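Colleague: After the sequence you'll find the predicted model.
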2 protein chains.
Amino acid sequence: MSLGVPDDDAALAADVLAYSDEHGIDSHGIARLKTYFDLLQVGRVNPRPKLKVVREKHAVATIDGDNGLGLVVGPKCMDMAIEKTHQHGSGSIAVCNTNHYGAAGYYPLMAVKKDYIGLSMTNTTKGVAPFNGKEKMLGTNPVALAFPSLNEPEVVIDFASSTVAYGKVEIAQREGEKIPLGWCLDENGLPTTNPEEMINGGALLPLGSSKEGSGHKGYCLAGAVDILSAVLSGANWGPFATPFAINASISGTQVGKGIGHFFVAWDIEGFRDLIAFKKSMDHWIVTMRNAIAREEGAKVLVPGDPEREAYARRIKEGIPIHPIILDQLKTISHACNVPLR
Amino acid sequence: MSLGVPDDDAALAADVLAYSDEHGIDSHGIARLKTYFDLLQVGRVNPRPKLKVVREKHAVATIDGDNGLGLVVGPKCMDMAIEKTHQHGSGSIAVCNTNHYGAAGYYPLMAVKKDYIGLSMTNTTKGVAPFNGKEKMLGTNPVALAFPSLNEPEVVIDFASSTVAYGKVEIAQREGEKIPLGWCLDENGLPTTNPEEMINGGALLPLGSSKEGSGHKGYCLAGAVDILSAVLSGANWGPFATPFAINASISGTQVGKGIGHFFVAWDIEGFRDLIAFKKSMDHWIVTMRNAIAREEGAKVLVPGDPEREAYARRIKEGIPIHPIILDQLKTISHACNVPLR
């Protein structure tokens, strides 16, 4: 709000960030506030975007996010996909000229609240080498899906299409630890266990990592997310994606506007009786949970379980904040003249 | 046709199978004809299905495939998704009571012929352990997507959500070779390099394979395919999926009808000028191809390239048929009284 974001939009952005911190997704919550703050402060993100329909045909549309916060543009565009679903049975919204939208899983959960199935994806700053390549050409391009259930909790899928997110490499570097082979390449395109070697000119590997691990599949997934989010909407795709970092320079070549998102919702009632679907989901969830584990002490989980466990713990015990992040919050507090409680 | 499949439907099924053989996807073409033949012969597949709309809401519907060949039900349902896309900008069709539909990539290419984006997925017989589990609970559940381009060839993505398809393990067994760690578990849930140990009571691993490799992501993907294809349509999901093999018994528990598919198409013109999109796709393709390779002799490919290379070779040199498959074709030829030329 101190930087000109309207109250309602600021509340929306805060809700998206809080979702991450509450659910244990530390990499996508308040730990990123400083970057959003920096980008707003230098005018690289527009605090008062006016969303515009670029094109529309019944169940689908492209929205220009007017270079707003992804945390504001994202929820508004997912709402449009939900509104189209209400009318047409399904709705798909591609978004250009937008920015980092936080945790991908927030958006399909908006659909689940309406008893719809939700899908969200976004392209992101380059960090991942294509299969067989050594250059960063794609982002960690996440995919998220959520499905409602009856008495069991909903199934929530949210994962980056790289083997691991960049944040995991940063953590290993901070702790002075090695990383497993299969996460990263060094600047010469060789597999490395040293996080520094990825950070200094190397690249992340796509899900599957190697030839034997079917790394071409993660590359395909990252490519599909890039095309649906950015090529379809007219945003910057692949290596041209706008970076989410104050000290990263923007690509000299612009092939579109901002980065891109892609949102879809489906009305279950258009396919099947809602209660019958939800009962089947409960059965599906219980069946997976009851699968025999590989070893004693291990458990087969259902997508969304780790985040729910974190939520249950944090809502009681509070949310731990790393000292580095606390310092950033103090800086923001001072700059905005908003006291930290 | 000898088993009562109407001429047009038989031609359609043949076209789906031929697509695989022409494009080097040997596991999904004529090599499977014997299984389709066996299932038709014993009456486990209906040669003359009458497709029925179970539910419909504008852009979405569920179709009951009447236990027909997936090779016939699949193309007809993808056509319905395309027809809905023509009307509504996007169309989504869930299918229950269907069977093995061949190569997943055939279907989104039907959408590309109309200048649409296409998506197809299907659940399949159980063969894959969930992350942390040792029991087979999910199929190799493939996902396929295709995107049109202008002067470059289209991008075609088609991959199983397991690290490798079962066929690769069978090939290693036949050749007496070891398999890489990360492909399979043995019957005790331990990683194995011996293909026999997977085949005799073990399981395939989801894409990502291990904890370090993010095997939970492949599990999430397989789960999403299972839910969209089978839970949403009212088909048998997870471990209850109808097996595609004459000597595999059908699960005693039926939680739906047959297996399930899920098809989506999107009209690019509803999002962006078609020619502008296609030009961007050409640029995307060239950009990925020009990425610096990891090592000399390696090349960064675009999804669809390996199949196109196989096509160019096979259309000139012919399609090699394994002696075992040739014997099966002779058996079928004899049983149907159709001479093999």
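Modeller: Looks like it arrived, so ask away.

Colleague: For the residue in chain A sticking out farthest from the centre, give its distance to B:Gly189.
Modeller: Distance from the C-alpha centroid of chain A peaks at A:Glu296, with 32.8 Å (C-alpha atoms, centre = their mean). Note on A:Glu296: its distance to B:Gly189, by C-beta to C-beta, to the nearest Å, is 11 Å. Using the backbone N, CA and C atoms, a C-beta is placed for each residue, glycine as well.

Colleague: And for A:Leu12?
Modeller: 45 Å.

Colleague: swap in A:Glu187?
Modeller: 39 Å.

Colleague: How about the contacts made by the residue most central in space within chain A?
Modeller: Nearest residue to the geometric centre of chain A (C-alpha atoms, centre = their mean): A:Ala104, 3.2 Å. Taking C-beta atoms under 8 Å, 6 or more residues apart in numbering or on different chains as the criterion, A:Ala104 is in contact with A:120-122, A:142-144, A:158.

Colleague: A:Cys336 too?
Modeller: A:2-3.

Colleague: Got the phi and psi for it?
Modeller: phi -100, psi -10 (degrees, to the nearest 10).

Colleague: follow-up on the earlier one: surely the residue nearest to the centre of chain A is in a strand?
Modeller: No: secondary structure of A:Ala104, determined by DSSP: H, G, I helix; E, B strand; the rest coil: coil, with no strand assignment.

Colleague: thinking again about what came up before, more neighbours: which of A:Glu187 and B:Gly189?
Modeller: Taking other C-beta atoms under 10 Å in any protein chain shown, A:Glu187 and B:Gly189 do not tie; B:Gly189 has more neighbours (19 against 14).

Colleague: Give me the neighbour count for the residue in the stretch 201-341 of chain A positioned nearest to chain B.
Modeller: In the stretch 201-341 of chain A, the residue that lies nearest chain B is A:Gly270 (3.2 Å; C-beta to the nearest C-beta). Neighbour count of A:Gly270, defined by other C-beta under 10 Å: 22.

Colleague: Chain neighbours aside, what residue packs nearest to it?
Modeller: Of all residues not flanking A:Gly270 in the chain, B:Lys57 sits nearest, at 3.2 Å (C-beta to C-beta, 6 or more residues apart in numbering or on different chains).

Colleague: quick one: buried residues of the longest helix seen in chain A?
Modeller: Of all the segments assigned as helix in chain A under DSSP state H, the longest by residue count is helix A:70-88. Across helix A:70-88, burial judged by 16 or more other C-beta atoms under 10 Å in any protein chain shown covers A:70-82, A:84-85, A:88.

Colleague: Now do the same contact list for A:Gly102.
Modeller: Contacts of A:Gly102 (C-beta under 8 Å, 6+ apart): A:16-17, A:19-20, A:28-29, A:32, A:70-71, A:74.

Colleague: and stretch A:187-197, how far apart are its ends?
Modeller: 7 Å (C-alpha to C-alpha, to the nearest Å).

Colleague: So for the residue of the stretch 51-200 of chain A found nearest chain B, what pLDDT did the model give?
Modeller: Using C-beta to the nearest C-beta, A:Lys57 is the residue of the stretch 51-200 of chain A that sits closest to chain B, at 3.1 Å. Per-residue confidence (pLDDT) for A:Lys57: 98.

Colleague: What separation do you get for it and A:Lys136?
Modeller: Distance, A:Lys57 to A:Lys136, by C-beta to C-beta: 35 Å.

Colleague: next one: A:Pro339
Modeller: 41 Å.

Colleague: Then A:Ser149?
Modeller: 38 Å.

Colleague: which residues are in contact with stretch A:133-140?
Modeller: A:123-130, A:160-162, A:165-166, A:185, A:187-189, A:203-204, A:206, A:219, A:222-223, A:226, A:238-239, A:241, B:287-288, B:291-294, B:300.

Colleague: Look at the closest residue in space to A:Pro108 that isn't next to it in sequence and give its secondary structure.
Modeller: Nearest in space to A:Pro108, with sequence neighbours left out and distances taken as C-beta to C-beta, 6+ apart, is A:Gly118 at 3.0 Å. Classification of A:Gly118 by three-state DSSP places it in strand.

Colleague: pretty sure A:Gly118 is touching A:Pro75, no?
Modeller: No: using C-beta atoms under 8 Å, A:Gly118 makes no contact with A:Pro75, being 11.8 Å away.

Colleague: circling back: can you pull the contacts of the residue of the stretch 51-200 of chain A closest to chain B?
Modeller: Counted by C-beta under 8 Å, 6+ apart, A:Lys57 has contacts B:88-89, B:267, B:269-270.

Colleague: Dig out what it forms beta bridges with.
Modeller: In this entry, A:Lys57 is beta-bridged to A:Val60, by DSSP bridges.

Colleague: For A:His28, see how far away A:Gly260 is.
Modeller: 18 Å.

Colleague: Between the two, point out the one with more neighbours.
Modeller: Just comparing A:Gly260 and A:His28: by other C-beta under 10 Å the higher neighbour count belongs to A:Gly260, 32 against 24.

Colleague: what lines up beside whichever strand or helix holds that one in the sheet?
Modeller: Element membership for A:Gly260 (DSSP states H and E) is strand A:259-267. Sheet pairing of strand A:259-267 (DSSP bridges) gives strand A:90-98 (antiparallel), strand A:116-122 (antiparallel).
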